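In: I'll drop the sequence and a predicted model, then ask my questions.
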Amino acid sequence: MTAVFPTVREVIALDPVRIGAPRLVAGESGLDRPVRWVHSAEVPDIATLLRGGELVLTTGIGLPADDAGVRAFVNDLAEVGVSGLIVELGRRYTASVPRVMAAAAQKAGLPLVELRRPTPFVQITEAVHALIVDAQLAELRATEQIHQRFTELSVEGAEPAEVVHQAAQLAGCPVVLENLARQVLAYDAAGDRAEMLLDGWEQHSRRVKAQPSGSGRTGYDPDTGWLVTPVGARGQDWGRLLLRWPASGTAAGRPVDAPLATAQGPDGSWDEPDAGLAAPSATPPTRLIILLERAASTLALGRLIRRDAEGLERQLHGTLLSALLDHSLPVSEVALRAAALGIQLERRRLVGVVVRHRDESLAAGTEAGQAALRDLADAASQALREAKQTGLTSAVDDRAVGALLAVRGEEEPALEAFAAALRRGRADTLLIAAGSGVDSLREARRSLVEARQVAEAARHDPAGPDVHRLPNVGLPGLLHLLRDEPRLQTFVERQLGALLAYDAEHPRDALLPTLRVFLEHGRNKSIAAGAAHLSRPAFYERLARIERILGVDLDSVQVCLSLHVALLARDALRG
């Protein structure tokens with residue numbers, strides 16, 4: 001960061017200079033150059049002693065008499081980078097500075113000011129140096145206030161909206177936080193109309209071309225008036241923080257219509273401000289750059305802290321849920337650790353919940369599947385907060401997120417509020433299953449296991465309720481829960497074994513699909529034949545063969561019921 005220095009424009013506005021009735025002769029474009037120091041000189045080769053940024057005061061008594069010498073004097077000052085040249089009339093030049101001097105200064109863009117009344121140079125020097133020191137002290141005080149404010153916000157873990165608000169309050173300018181897609185995450189209009197600030201924001205933001213200057217990351221776009229700095233950490237930017245300067249109706253903290261310099265005429269009256277002396281500064285003050293970068297650092301640090309804290313908290317939640325499921329920790333220790341996290345599991349109604357995506361394309365172990373599972377875990381935690389409930393939430397396997405709700409009050413309203421918050425914006429993509437509520441942490445495992453089983457069974461029920469419970473599980477779901485039961489496997493083999501063996505020997509004439517379509521159409525042979533795209537005689541003949549192979553009568557309701565259950569059970573066994 002560069003130090004804060006007054007500009008040539010501001011120096012001309014000082015009382016010790018105004019006493020000399022200043023008049024801008026040339027170099028209006030350089031009025032906003034910073035003045036690093038003031039130097040009085042009466043020798044023509046003074047440029048060799050300067051470093052740039054100085055405002056040179058002279059009476060001209062030692063300057064060359066010829067035009068070439070005067071032109072060389074001005075060009076040497078411009079080349080070394082002085083901020084401006086002030087010439088007092090009366091000793092060398094009476095009515096005005098030489099035309100050659102004015103022409104050379106105009107060509108070089110060097111501000112040339114003549115003082116039409118005698119002025120003690122020492123008073124100008126003292127005033128400017130005092131202004132430099134005061135400005136630097138003010139900048140230091142403002143910078144200290146900025147650092148103190150944002151340090152407090154970092155320690156308090158302030159939300160992004162509060163950080164943006166404080167930045168706008170300190171700057172007195174509108175501030176906007178956007179993500180990399182140019183979507184507004186937080187803003188403060190600083191008294192301006194928000195709709196005017198945000199209308200068509202994405203298109204407006206993409207027109208902001210602010211290139212960082214020097215080694216910093218902050219840039220300023222004078223065309224749009226936005227000061228911009230990236231927001232991020234660890235080499236990964238995730239947003240931009242923008243500050244509009246100058247704010248509406250001000251320029252560098254000064255009203256636009258406030259005069260910066262006036263001149264006293266020979267008759268003692270004050271002239272109107274010169275038009276060229278009333279423009280605002282072309283670059284934002286260093287204080288605003290420091291403020292914006294400090295706010296961006298606070299936002300980046302806050303995001304890292306929240307992410308790390310949530311990651312650690314999620315791990316602890318996962319440890320406790322796993323401990324309940326596999327008995328790796330005593331129940332008393334689970335309760336103790338949960339209480340240390342601020343989650344009271346004792347003397348609460350506990351309900352196990354399992355949430356998973358209906359989209360089976362999100363394969364377990366894939367990058368997309370892992371990302372979806374992380375997002376789902378975040379959504380479950382957020383839903384718990386929105387529903388004003390407490391509990392444990394974490395991924396319980398590579399496809400599902402589990403939650404143990406600690407309900408204080410009625411079970412159903414709490415579960416409905418949690419599910420509603422979780423489904424908001426994703427109603428058709430989630431499957432939510434809940435186990436039976438229990439009153440003891442020792443029974444929590446049963447509720448969690450039941451919720452997991454119900455979730456598995458509910459995968460076969462695309463049109464189920466918002467929250468699947470055990471009473472909602474139909475026959476396909478029940479058979480899915482019993483798929484590992486040997487007696488179910490024996491039942492399927494006893495009912496369908498002969499037909500499956502026939503189909504294995506005659507794959508081009510498989511009869512199991514015929515039996516399935518017959519049973520799924522309520523034993524209506526005519527409708528089933530049409531669904532199978534067969535003529536009725538051909539369909540009847542296939543049914544007769546099925547009866548002979550299985551040794552059953554398909555006109556029997558009980559026989560058909562057993563065969564249908566066996567078909568559904570086989571589907572459950574095959575997943």
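Out: Yep, it's here. Numbering: from 1, shown residues only.
In: next, the buried residues of stretch 197-207.
Out: Going by neighbour count (16 or more other CB atoms under 10 Å), the buried part of stretch 197-207 is 197, 201, 204-205. (Glycine included, C-beta is placed from N, CA and C.)
In: tell me how far that stretch lies from the chain's centre.
Out: Centroid separation between stretch 197-207 and its chain, computed with CA atoms, centre = their mean, to the nearest Å, is 16 Å.
In: longest helix in the protein, by residue count?
Out: Counting by DSSP state H, the longest helix found in the chain is helix 286-326.
In: how about residues contacting whichever helix or strand comes after that one?
Out: Note on helix 286-326: by DSSP states H and E, the next helix or strand toward the C-terminus is helix 331-340. Contact with helix 331-340 is made by 316, 319-320, 323-324, 329, 344-346, 392, 441-442, as judged by CB atoms under 8 Å, 6 or more residues apart in numbering.
In: out of these, show me where the pLDDT dips lowest.
Out: Within the contacts of helix 331-340, the minimum per-residue pLDDT falls on residue 316 (80).
In: pass me the low-pLDDT residue ranges in the stretch 201-350 of the chain, would you?
Out: Scanning the stretch 201-350 of the chain with the threshold set as pLDDT under 70 gives 213-215, 234, 247-282, 305-312.
In: same deal with the stretch 1-150 of the chain?
Out: By pLDDT under 70, the low-scoring segments of the stretch 1-150 of the chain are 1-4.
In: enumerate every residue touching residue 197.
Out: 174, 176, 187, 189, 244.
In: quick one: contacts for the third one?
Out: Listed by CB under 8 Å, 6+ apart, the contact partners of residue 187 are 164, 174-177, 194, 197-198.
In: can I get these in TSV with pLDDT and secondary structure?
Out: Output for those, formatted as TSV (pLDDT from 0 to 100; DSSP: H, G, I helix; E, B strand; the rest coil):
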residue	pLDDT	secondary structure
164	92	helix
174	94	coil
175	93	strand
176	92	strand
177	90	strand
194	81	helix
197	84	helix
198	82	helix
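In: which pair in those residues spans the largest distance?
Out: The span of those, defined through CB to CB, is set by 177 and 194 at 14.0 Å.
In: between these two, which has more neighbouring residues?
Out: Comparing residue 177 with residue 194 by other CB atoms under 10 Å, the one with more neighbours is residue 177, at 22 against 11.
In: so how far is residue 230 from the more buried one?
Out: According to CB to CB, to the nearest Å, residue 177 stands 11 Å off from residue 230.
In: for stretch 212-230, measure first residue to last.
Out: Start-to-end span of stretch 212-230 (CA to CA, to the nearest Å) is 10 Å.
In: for that stretch, buried residues please.
Out: 217-220, 224-230.
In: what's the closest of those to residue 40?
Out: residue 220 (34.2 Å).
In: quick check: closest non-adjacent residue to the closest one.
Out: What sits nearest to residue 220 in space, not counting adjacent residues and going by CB to CB, 6 or more residues apart in numbering, is residue 227, at 5.0 Å.
In: so that neighbour, which state does it fall into?
Out: Here residue 227 is strand, with the state taken from DSSP: H, G, I helix; E, B strand; the rest coil.
In: beta partners for it?
Out: Counting by DSSP bridges, residue 227 is bridged to residue 220, residue 243.
In: measure residue 218 to residue 286 for me?
Out: Remark: distance between residue 218 and residue 286 (CB to CB) = 10 Å.
In: same check on residue 371?
Out: Distance, residue 371 to residue 286, by CB to CB: 42 Å.
In: neighbour count for these two, which is higher?
Out: Between residue 371 and residue 286, residue 286 has the larger neighbour count (other CB under 10 Å), namely 17 against 11.
In: got the contact list for the nearest residue to residue 411 once chain neighbours are set aside?
Out: Leaving aside its sequence neighbours, residue 411 sits nearest to residue 437 (CB to CB, 6+ apart; 4.6 Å). Applying CB under 8 Å, 6+ apart to residue 437 gives the contacts 349-351, 407, 411, 447.
In: dump those into a markdown table; add neighbour count and secondary structure as well.
Out: Shown next, in a markdown table, are those (neighbours: other CB atoms under 10 Å; DSSP: H, G, I helix; E, B strand; the rest coil):
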| residue | neighbour count | secondary structure |
| --- | --- | --- |
| 349 | 16 | strand |
| 350 | 27 | strand |
| 351 | 28 | strand |
| 407 | 19 | strand |
| 411 | 15 | helix |
| 447 | 21 | helix |
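In: isn't residue 25 up against residue 112?
Out: Yes - at 4.6 Å, residue 25 and residue 112 qualify as touching, with contact defined as CB atoms under 8 Å.
In: hey, what's in contact with both of the two?
Out: With CB under 8 Å, 6+ apart as the test, residue 25 and residue 112 both reach 97, 102, 105.
In: which of those tops the neighbour count?
Out: Greatest neighbour count in the shared contacts of residue 25 and residue 112, by other CB under 10 Å, goes to residue 105: 26 neighbours.
In: list the contacts for that residue?
Out: Contact analysis of residue 105 by CB under 8 Å, 6+ apart lists 25-27, 74, 78, 85, 111-112.
In: buried ones in stretch 398-414?
Out: Across stretch 398-414, burial judged by 16+ other CB under 10 Å covers 399-407, 414.
In: with adjacent residues omitted, what lies nearest to residue 160?
Out: Computed as CB to CB, 6+ apart, the closest residue to residue 160 that is not its neighbour in sequence is residue 186, at 4.6 Å.
In: now the strand or helix carrying that neighbour against helix 286-326, angle please.
Out: Residue 186 is located in strand 184-188, with elements delineated by DSSP H and E. Using axes from the mean of the first three to the mean of the last three CA atoms, to 10 degrees, the inter-axis angle of strand 184-188 relative to helix 286-326 is 130 degrees.
In: kindly list the main-chain dihedrals of residue 237?
Out: phi -80, psi 140 (degrees, to the nearest 10).
In: sorry, slip of the keys, the one I care about is residue 468.
Out: Backbone torsions for residue 468, taken as degrees, to the nearest 10, come to phi -80, psi 130.
In: before we move on, what about residue 483?
Out: Note on residue 483: its backbone torsions stand at phi -60, psi -20 [degrees, to the nearest 10].
In: that one reaches residue 572, doesn't it?
Out: Yes - in this structure, residue 483 is within contact of residue 572 by CB under 8 Å, at 4.6 Å.
In: between the two, tell me which one has more neighbours.
Out: residue 572 (23 against 17).
In: pull out the buried residues from the strand or helix carrying that one.
Out: Assigned by DSSP H and E, residue 572 belongs to helix 557-574. By neighbour count on 16+ other CB under 10 Å, the buried set for helix 557-574 is 560, 562-572.
In: adding pLDDT, write those residues out as JSON lines.
Out: Shown next, in JSON lines, are those (pLDDT from 0 to 100):
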{"residue": "560", "pLDDT": "92"}
{"residue": "562", "pLDDT": "91"}
{"residue": "563", "pLDDT": "92"}
{"residue": "564", "pLDDT": "90"}
{"residue": "565", "pLDDT": "91"}
{"residue": "566", "pLDDT": "91"}
{"residue": "567", "pLDDT": "90"}
{"residue": "568", "pLDDT": "84"}
{"residue": "569", "pLDDT": "85"}
{"residue": "570", "pLDDT": "86"}
{"residue": "571", "pLDDT": "80"}
{"residue": "572", "pLDDT": "74"}
